[in-house]
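Asks: pasted the sequence and its predicted model underneath.
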Amino acid sequence: MPVGVLALQGDFREHIIALESCGADAIEVKTLAELNRCHGLIIPGGESTVIQKLATNYDLFEPIKNKIKSGLPTFGTCAGLIMLAEKIVDGIEGQIGFGGLDVSVRRNAFGNQLDSFETDLSFKGITGEPVHAAFIRAPIVEEVGPGVEVLSSLDDGRVVAVRAQNVMGIAFHPEVTGELRVHQLFLKMVDSR
């Protein structure tokens, strides 16, 4: 079964390329039938409020939420992390996500587009060179609930990657820096299901 990338908005094409570079069968997910084919799902970066609205309009919001709750391996980057958080600290009125991670996330925690930056991170479960991470209008994990594992933090201690059971979320974009090891780590989660 393929790994799907929610393809309603955001940088889903880059995730498809990253997955295929890792040797995975990857498909765009825009319909319930495509979602039902997937053995894993990536929620890409983009605009979390737009992803919420489009997922609702495409009748995918509740099915994705239920699939995550039922154990579908799911990986969110940047806006995808926001969509997987149980609590969005500074969301707009009515903003909710799919859930799956018992964390509180603050949107645009580093400022606007001009405040984007790149850095190298140590990342639990990834050996060798540090992970090169691009933060673009990125969120930050402010609170981590019980059962959530911190995978990576900035030098100042702010949490930027977490995992709980079948769900992993990160604040940065490995798909735009050519860093494939985070996708490979997610594919191991998919394979171990």
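Replies: Okay, I see it.
Asks: where exactly do the helices run in this protein?
Replies: Listed in chain order, the helices of the chain (DSSP state H) span 12-21, 32-37, 48-57, 61-69, 79-84, 174-177, 181-191.
Asks: any idea which of the ones you listed is most buried?
Replies: Mean neighbour count, computed with mean count of other CB atoms under 10 Å, is highest for helix 79-84 among those, reaching a mean of 30. Just so you know, the C-beta spots here come from the backbone N, C-alpha and C atoms, and that holds for glycine as well.
Asks: rewinding a little: between the helices of the chain, which gets the lowest average pLDDT?
Replies: In terms of mean pLDDT, the lowest-scoring of the helices of the chain is helix 174-177 (a mean of 91).
Asks: residue 83 and residue 33, how far apart?
Replies: The gap separating residue 83 from residue 33 is 21 Å, by CB to CB, to the nearest Å.
Asks: model confidence for the spatially most central residue of the chain, exactly?
Replies: In the chain, the centroid-proximal residue (CA atoms, centre = their mean) is residue 76; its distance is 0.8 Å. You'll see residue 76 listed with a pLDDT of 97.
Asks: before we move on, the earlier item: for residue 128, find the nearest of the helices of the chain.
Replies: Proximity to residue 128 (CB to CB) singles out helix 181-191 among the helices of the chain, at 7.7 Å.
Asks: now for the closest one, which elements pack on it?
Replies: helix 12-21, strand 40-43, strand 74-77, strand 167-170, helix 174-177 (3 or more CB pairs under 8 Å, 6 or more residues apart in numbering; DSSP states H and E).
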